[in-house]
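Trainee: I would like the atomic coordinates for the input below:
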Amino acid sequence: VQLQASGGGLVQAGGSLRLSCAASGDALSSYYMGWFRQTPGKEREFVAAISWGGRGTTYADSVKGRFTISRDNAKNTAYLQMNSLKPEDTAVYYCAASFRAGGRYDEYNYWGQGTLVTVSS
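Mentor: Numbers count the residues shown, from 1 in each chain. Down below sits the predicted model:
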């Protein structure tokens, strides 16, 4: 499967963005989906994940209550709705697909190219 992340940009603190992750080459429904983020000099950080059918979700404590992960398998797309953004949310955001449930980046088999989110104070 190939993943294409989009929707990043520049937003003021307190604002919102919605990231999209479009899949091609295979059905998104075959994969457990996750979002990660990374800033220079730091390891890739887990943000959120969603189960194959979308009923199960998990979040990093730092984004819980502000971010919502979802998926539309009919559209072969996963989403990350980000509200109440903070400057510390600034990062390159990656979507990823896994054959099994997990929160570690090394558990994911396929990665999108990343989309930059910049939150100004």
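
Trainee: which regions of this protein sit below the pLDDT cut-off?
Mentor: Applying pLDDT under 70 to the chain flags no residue at all.

Trainee: middle-most residue in it, spatially?
Mentor: Residue closest to the average C-alpha location in the chain (Cα atoms, centre = their mean): Trp35, at 2.6 Å.

Trainee: quick one: it and Cys95 touch, right?
Mentor: Yes. In this structure, Trp35 is within contact of Cys95 by Cβ atoms under 8 Å, at 5.6 Å. Just so you know, the C-beta spots here come from the backbone N, C-alpha and C atoms, and that holds for glycine as well.

Trainee: Need the overlap of contacts for these two.
Mentor: Listed as contacting both Trp35 and Cys95 by Cβ atoms under 8 Å, 6 or more residues apart in numbering are 19, 21, 78, 80.

Trainee: check contacts around the second one.
Mentor: What that stands for is Cys21. Residues in contact with Cys21 (Cβ under 8 Å, 6+ apart) are 3-6, 33, 35, 77-80, 95, 112.
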